[in-house]
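Engineer: Return a 3D structure for these sequence lines:
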Amino acid sequence: IASLMGQKDVRKRTLVRAAVSVLAIAWFAFLPNTCYLLTEWRHFLEALQATNFYVSWTGQRDVMSMLTLIIATISYLCYSLFGLIAFALSIRPVARLLKDRGIATWLFALPFFSLMSLGVYLGLELRFNSWDILTRPWLILTAIHHAISRPILLLIIFIFGLFLWLVYWLFDIWFDGLALRLRPKPGVGVSATSERSLP
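Structural biologist: Modelled structure (predicted):
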C-alpha cells in the first residue's frame, strides 16, 4: 500500500510539474503581446498624416478636427496604458513567487526584458504571433538568429528591453503604493469611536 501511495504521489508531482511547465511556456509566449500595444502609436501617426486633423484644427480652426484629434489621442493613451498595466500585473505574481523562494529576480531581469523586447520585434517587423512558436518554430529560430547577428538591431532590442524593465519597475512601485494606500489603517476606527463617545 505504501508503495502504491508513493507511486501516486510521484505521478501527481509529475503531472503538476508538467502543467506548470506548459503554463509557464504559454505565459512567456503571450506576454510580449501586452507591451506590443506600445507600438500601436505608429497607426496613430499614420492616421494623423492621412487625415490632417492637426492642420485643420490649427489652420482652419475646425472644432470637429480638434475634438477628433483629442479623442483619438486619449484612446491611444488608454490603449498603451492598459497594455502596460497588463504587462506589469502579469509579471508581479511570478516575481513574488520567485522572491518567496529566495531567488534574486534582478539577476534575470535584463535577459528577461530583452527577450520580451525581442518578442515585440518579431511581431512588429516580421509579423510573427505567439502561436507560431508551435506552428513555425524553425522560422522563429531563424529570425532570432538573424536578429542577434545584427549589432545595431541587437542594441535597439536591448535598449527597448531596458525601457520595459524601467516601465515594469515604475508600475511595480505604483501598485505597491496603491496597495498601501487602500489598506485600512489600524486604530482609525477605534480612535473615531472613542472620539464620538467623549462627552
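Engineer: mind checking the longest helix of this protein?
Structural biologist: Longest helix of the chain, by residue count under DSSP state H: helix 63-100.
Engineer: May I see the buried residues of the helix or strand just after it?
Structural biologist: For helix 63-100, the following helix or strand on the C-terminal side (DSSP states H and E) is helix 106-124. For helix 106-124, burial by neighbour count (16 or more other C-beta atoms under 10 Å) applies to 109, 112-123. The way it works is simple: take the backbone N, C-alpha and C, and place the C-beta from them, glycine included.
Engineer: Not counting sequence-adjacent ones, nearest residue to the residue most central in space within the chain?
Structural biologist: The residue lying closest to the centre of the chain (C-alpha atoms, centre = their mean) is F87, at 1.6 Å. Nearest non-adjacent residue to F87, counting by C-beta to C-beta, 6 or more residues apart in numbering: T34, 3.9 Å away.
Engineer: Contacts for stretch 171-189 next, please.
Structural biologist: L84, I85, F87, A88, L89, R92, A95 (C-beta atoms under 8 Å, 6 or more residues apart in numbering).
Engineer: State the distance from the first one to V120.
Structural biologist: The one in question is L84. Distance, L84 to V120, using C-beta to C-beta, to the nearest Å: 12 Å.
Engineer: what does the last one give?
Structural biologist: Plainly put, A95 is 20 Å away from V120 if you go by C-beta to C-beta.
Engineer: circling back: pull out the buried members of the contacts of stretch 171-189.
Structural biologist: By 16+ other C-beta under 10 Å, the contacts of stretch 171-189 give L84, F87, A88, A95 as buried.
Engineer: Grab the nearest non-local neighbour of K99.
Structural biologist: T105 (6.1 Å).
Engineer: The one you found: neighbouring residues, count only.
Structural biologist: 14 (other C-beta atoms under 10 Å).
Engineer: Got phi/psi on it?
Structural biologist: Phi and psi for T105, reported as degrees, to the nearest 10, are phi -70, psi -30.
Engineer: quick one: contacts for it?
Structural biologist: Counted by C-beta under 8 Å, 6+ apart, T105 has contacts A95, L98, K99.
Engineer: 10 Å instead, please
Structural biologist: Contacts for T105 (C-beta atoms under 10 Å, 6 or more residues apart in numbering) come out as I91, V94, A95, R96, L97, L98, K99, F112.
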